[in-house]
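Enquirer: any chance you can model this:
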Amino acid sequence: MLSATSPFTFSEIGESAIFRFLKLIDCDNGKIGSYTKLVKDRKASAHPNGIIHYADQQTLDLKITETLRVVAEIQKHSKCVIEDCYRQFLLDSHQPGEREYPDAIDQIREVLIHQNYLSQKDIEICLAYNVAPLSSDTNFLAIEALHQSLRDTYSDAEPQPSLQKELVVKKRRGRSCYRTSSCAVSLSRSRGRETLGPTSEPRGEPLSEMAATASWRRVLFDGTFA
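Expert: Numbering: from 1, shown residues only. You can find the predicted model right below:
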């Protein structure tokens, strides 16, 4: 696991145990226990045993609200890691002749977003990042230009639907269940199924703390990795 280069490597770990990695972003055992319970509740509700756990709209709404609260809480814990990741990206990628892609937009998309599996919410943290503390760097103008490229490209993007609006309630084999279409994580279509981020393995160093914790999002809602 220490040499992992993709969140999919963590598919070998049990879907409840994956939440223990949230200790990397300072989630304590109490919070992790509450997150794990949501996964167990999802498994119980999806089991084809004929038991309907959420028989009315009010009960289902309460469970959705709790799930959204957990997502927001984990995203808040992730903020410092995302900011550190973005800071390092700016320092490493501001010189067009020394980075992987000469074009700033390509560098941002492939190296920052895809390689680190950034979600829309993660990108919003990067957009709000204060580059002023980097002003002492001799290449600050280039750093500022790269940051501005991110803002120019993604600030005007079509607003993402709220998490509440993205939740959909489905009837599956006579029982109620719930899922999210892109809750706090970039999802793409591969072989007719939703998967995290890009379908190919990212290049570069072993998985960062931020990417290592990306798997919780997939487990929380769908219970699968690919």
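
Enquirer: helix, strand or coil for Glu98?
Expert: coil (DSSP: H, G, I helix; E, B strand; the rest coil).

Enquirer: now it: how far from Leu112?
Expert: 16 Å (CB to CB, to the nearest Å). Any C-beta I mention is one placed from the backbone N, CA and C, and that applies to glycine too.

Enquirer: so between those two, which is more surrounded?
Expert: The neighbour comparison of Glu98 against Leu112 (other CB atoms under 10 Å) goes to Leu112, with 22 against 9.

Enquirer: make sure that one is indeed in a strand.
Expert: No - secondary structure of Leu112 (three-state DSSP): helix, not part of a strand.

Enquirer: now the strands for this protein?
Expert: For the chain, strands defined by DSSP state E occupy the ranges 168-172, 175-179, 187-190, 193-196.

Enquirer: isn't Glu15 right next to Leu38, touching?
Expert: No - at 11.0 Å, Glu15 does not count as touching Leu38 under the criterion of CB atoms under 8 Å.

Enquirer: more neighbours: those two, which one.
Expert: Between Glu15 and Leu38, counted using other CB under 10 Å, the more crowded position is Glu15 (22 against 19).

Enquirer: show the pLDDT at that one.
Expert: Looking at Glu15, its pLDDT reads 76.

Enquirer: one more: Thr59?
Expert: pLDDT at Thr59 comes out at 84.

Enquirer: now the helices for the chain?
Expert: Taking DSSP state H as the criterion, the chain contains helices spanning 29-46, 57-93, 104-107, 120-127, 140-154, 163-166, 209-212, 215-221.

Enquirer: any idea which of the ones you listed scores lowest on pLDDT?
Expert: Set side by side, those give their lowest mean pLDDT on helix 163-166, at a mean of 40.

Enquirer: rewinding a little: Ser11: which of the helices of the chain is closest?
Expert: With CB to CB, the closest approach to Ser11 among those belongs to helix 215-221: 7.8 Å.

Enquirer: I'd say Leu90 and Gln148 touch.
Expert: No - counting by CB under 8 Å, Leu90 does not reach Gln148; the two are 11.0 Å apart.

Enquirer: who has more neighbours out of these two?
Expert: Taking neighbours as other CB under 10 Å, Leu90 and Gln148 compare with Leu90 leading, 22 against 13.

Enquirer: who's in contact with that one?
Expert: 131, 134, 143, 146-147 (CB atoms under 8 Å, 6 or more residues apart in numbering).

Enquirer: worst average pLDDT in the strands of the chain?
Expert: Confidence, taken as mean pLDDT, is least for strand 187-190 of those (a mean of 30).

Enquirer: ok, the residue nearest to Glu110 when sequence neighbours are not counted - how many residues close by?
Expert: Once flanking residues are discounted, Glu110 sits nearest to Tyr101: 6.2 Å by CB to CB, 6 or more residues apart in numbering. Residues near Tyr101, counting by other CB under 10 Å, number 14.
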